[in-house]
Each structure stands twice: as structure tokens, then as C-alpha cells.
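> Here is my input, please return the structure:
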Amino acid sequence: MGGGDCGLGKERRVLRRDEYLEFRSVSHKIHTPHFLILFIFRGAGPSRIGITASRKIGGAVARNRVKRLLREWFRLFGRRLDDGWDISIIAKKGAPLLNLALVQEELQSVLRRLGPSRPHA
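As a prediction, this is how the structure comes out:
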């Protein structure tokens, strides 16, 4: 297990509590069947992702699985985003039943909405 270049580095993740709290007041929202996506356009730096998976969706194994799937989705498909976006994804019930292909299918609307030439979604 090592990390190498394949992982999602800290510069691509929302890590601090104050950053998560900022999503509550100034973000835009997109609801999907299994996720609530909050996003803020910062305008500088790489796009970043923050993930919340509460006990409502299942035990530790289920929560960690959802977080791994979302990080992998962002690693593979987040490059389609322009720089400057911070995205917080909150998992809903049923999310642990998804696989990467289903996550991509559900979240591709997010990529379209936050894609090029749409800085003020």
C-alpha cells in the first residue's frame, strides 16, 4: 500500500472544520438520490473535495467505502472541473450500495454544472 502519485493529496481535499462550516452559509446545492453536493467557487488553487458520511448511512465499513468511492470519483473525473472549486459531498442512505460506475453516473451532472465557463453556478 504506498500512496505514490495515484492518491488524492491533501491539497485536493477540504480538511478543516471552518472550511466545512463555510459551505453551510455560502454554497450552492445539488441534490441527487444518494448525495447532497455543496459547492463554492474560490477562483484560485486546485479544485478540492470534502466528504461527509454519517452513521445514518451505516457502520464504519460502509462509511469508509463511500468515502473511498467518492475520493476515487474525484481523482478520476475531478480533472474535468476548472480550478477553484471546493465541493463537499454528503452521503445519504443507500450510498454504500453504489459502485464507482453508479457514482459517476449520478455525479456527472455536477461535473456539467461546474464545468468550464460556469464560475457562478
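
> ok, for Ser84, nearest residue in space, not its chain neighbours?
Actually, residue 84 is Gly rather than Ser. Residue nearest to Gly84 in three dimensions, not counting chain neighbours: Gly43, with 4.6 Å by Cβ to Cβ, 6 or more residues apart in numbering. For glycine as for every other residue, the C-beta is placed from the backbone atoms N, C-alpha and C.

> Kindly tell me how buried that neighbour is, as a neighbour count.
Gly43: 10 surrounding residues under other Cβ atoms under 10 Å.

> pretty sure it belongs to a helix, no?
No: with DSSP: H, G, I helix; E, B strand; the rest coil as the criterion, Gly43 is coil rather than part of a helix.

> how much space is there between it and Thr32?
Using Cβ to Cβ, to the nearest Å, Gly43 is found at 25 Å from Thr32.

> can you check Gln104 too?
12 Å.

> Mind giving me the packing neighbours of the longest helix along the chain?
Looking across the chain with DSSP state H, the single longest helix is helix 60-77. Contact analysis of helix 60-77 by 3 or more Cβ pairs under 8 Å, 6 or more residues apart in numbering; DSSP states H and E lists strand 48-52, strand 85-91, helix 100-113 as its packing neighbours.

> Name the stretch among those that sits most buried.
strand 85-91 (a mean of 23; mean count of other Cβ atoms under 10 Å).

> Could you give the separation of that strand from the chain centroid?
In terms of Cα atoms, centre = their mean, to the nearest Å, the centre of strand 85-91 is set 4 Å apart from its chain centre.

> One more: stretch 97-113?
The mean C-alpha position of stretch 97-113 is separated from the chain mean by 10 Å, Cα atoms, centre = their mean.

> next one: stretch 21-32
Put simply, stretch 21-32 sits 12 Å off its chain's centre (Cα atoms, centre = their mean).

> Can you give me the end-to-end span of it?
End-to-end distance for stretch 21-32, by Cα to Cα, to the nearest Å: 21 Å.

> Now render the helices and strands packed on helix 60-77 as a markdown table, adding mean pLDDT.
Putting the helices and strands packed on helix 60-77 into a markdown table (pLDDT from 0 to 100) gives the following:
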| stretch | mean pLDDT |
| --- | --- |
| strand 48-52 | 93 |
| strand 85-91 | 93 |
| helix 100-113 | 88 |
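
> Alright, I will stop here.
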